[in-house]
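Novice: Sequence plus the predicted model coming up.
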Amino acid sequence: MTDDIHVMEVLGNAKVTVKNGKVVDVSDPIISFCPLFAKHRGINEINKESIQKNVEFRIESFGLFTKNRVVLDDSPFVGFGTSEIFMSALKKGFLDAVVVVSDCAGTVITNNPKLVQGLCGRISGIIQTTPIKEVIEKIEEANGIVLSKDDALINQIKGVELAIKRGYKKIGVSVSNLKDALEIKKLEKNDVKIITFGVHTTGIGLSDYDEYLQYIDLISACASKNLLKSKSFNIKAQAGSGVPIFALSNSGKELLFERLKEIDKPILITTNEKLPYFTENPQ
């Protein structure tokens, strides 16, 4: 029997290795606090023990990295997360497909809002994953297209190429490597529009931001001071103030507004010439 091995970059920018459904290794985190996990999970100090417990909670509750993986959900985890924004954009017809990454499957293309939220609402940065047949079957039954069922390949550029080949015209894609955004934008045509969403950006170098940020429509602040220092950092809109999402293009701003319409809570809309604005100091 071949081992199922998965590597995910999680809170604190630590790497967690899961083998056959069990956490077998946790690297040292590079940051010790995240306002998102403090608010939603009560984790006030990020260390190896709290990281392991959090990942084990996700395995037990949602079946991450196992054949019991929950793949459909329509319950937002946060107000403005990547999956929540993509989910709303699909519901409203602003996008007709998204290209995301999931454990147990790798790169996935779908037009199903519930599948986007189910696959991505509870994960962090998947670095390596092993295909699990039962999970892939669930994804396909929910109108998801797995890029490579044999090896669970993670390749967002090839994912967008496949989405275009399948006839999709308004495509959203998550990217953790900013260089990929440039190659993805090259795939745009007169009738094909691609929205790039930068995710899991902690630790990216300033030079990469300076060179490639212009090809990103939306980006999560995560814990990257280099993002805030970049000469290419030009905010069109900001959602949230703890771990904000920044729209860097008008198309990205429109996606934020589509998500805004779905939030059933009182909303404050204002203008601020001094963006970015944080309620927590970015680390």
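Specialist: All right, it came through fine.

Novice: Just give the number of residues close to Asn111.
Specialist: When neighbours are defined as other CB atoms under 10 Å, Asn111 has 18 of them. (Glycine included, C-beta is placed from N, CA and C.)

Novice: Quick check: it touching Ala97?
Specialist: Yes: counting by CB atoms under 8 Å, Ala97 is a contact partner of Asn111 at 4.8 Å.

Novice: shared neighbours, these two?
Specialist: Common neighbours of Asn111 and Ala97 (criterion: CB atoms under 8 Å, 6 or more residues apart in numbering): 90, 168.

Novice: Val98 belongs to a strand?
Specialist: Yes: counting by DSSP: H, G, I helix; E, B strand; the rest coil, Val98 is found in a strand.

Novice: low pLDDT regions in this structure?
Specialist: 1-2, 11-12, 32-44, 223, 280-283 (pLDDT under 70).

Novice: quick one: the strands in it?
Specialist: Secondary structure of the chain by DSSP state E: the strands cover 5-9, 15-19, 22-26, 97-102, 106-110, 125-128, 144-146, 170-175, 193-198, 218-220, 237-239, 245-247.

Novice: Run me through the strand neighbours of the fifth one, direction for each.
Specialist: It stands for strand 106-110. Using DSSP bridges, strand 106-110 pairs in its sheet with strand 97-102 (antiparallel), strand 144-146 (antiparallel).

Novice: Deepest in the core, which of those strands is it.
Specialist: Greatest average neighbour count among those goes to strand 97-102 (a mean of 28), per mean count of other CB atoms under 10 Å.

Novice: Pull that strand out as PDB, backbone CA atoms only.
Specialist: The C-alpha atoms that make up strand 97-102 are tabulated as PDB, following Å, rounded to 0.1, in the frame of the first residue of the first chain:
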ATOM      1  CA  ALA A  97     -15.100  29.000 -13.200                       C
ATOM      2  CA  VAL A  98     -12.300  29.000 -10.700                       C
ATOM      3  CA  VAL A  99      -9.000  27.200 -10.500                       C
ATOM      4  CA  VAL A 100      -8.100  26.300  -6.900                       C
ATOM      5  CA  VAL A 101      -5.900  23.800  -5.000                       C
ATOM      6  CA  SER A 102      -7.200  21.000  -2.800                       C
END
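
Novice: how far does it sit from the chain's center?
Specialist: Its chain's C-alpha centre and that of strand 97-102 lie 9 Å apart, by CA atoms, centre = their mean, to the nearest Å.

Novice: let's have the chain start at 18 instead
Specialist: With the count now opening at 18, the last piece we talked about shows up as strand 114-119.

Novice: orientation of it relative to strand 210-215 in degrees?
Specialist: Here strand 114-119 runs at an angle of 30 degrees relative to strand 210-215 (axes from the mean of the first three to the mean of the last three CA atoms, to 10 degrees).

Novice: what does strand 114-119 rub up against?
Specialist: By CB under 8 Å, 6+ apart, strand 114-119 touches 88, 99-100, 103, 106-107, 124-128, 133, 136-137, 140, 143, 146, 152, 156, 171, 173, 176-177, 180, 183, 185, 187-191.

Novice: that older thread, hey, which of the strands of the chain is tucked in deepest?
Specialist: Comparing the strands of the chain by mean neighbour count (mean count of other CB under 10 Å), strand 114-119 comes out on top with a mean of 28.

Novice: those helices in this protein, which residues are they?
Specialist: Listed in chain order, the helices of the chain (DSSP state H) span 52-58, 65-79, 99-109, 130-137, 150-158, 173-182, 195-202, 223-229, 242-246, 267-277.

Novice: coming back round to it: adding distance to Ile221, write the strands of the chain out as a markdown table.
Specialist: Below are the strands of the chain laid out as a markdown table (distance: least, CB to CB, whole Å):
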| stretch | distance to Ile221 |
| --- | --- |
| strand 22-26 | 12 |
| strand 32-36 | 16 |
| strand 39-43 | 22 |
| strand 114-119 | 17 |
| strand 123-127 | 20 |
| strand 142-145 | 12 |
| strand 161-163 | 27 |
| strand 187-192 | 11 |
| strand 210-215 | 9 |
| strand 235-237 | 10 |
| strand 254-256 | 19 |
| strand 262-264 | 14 |
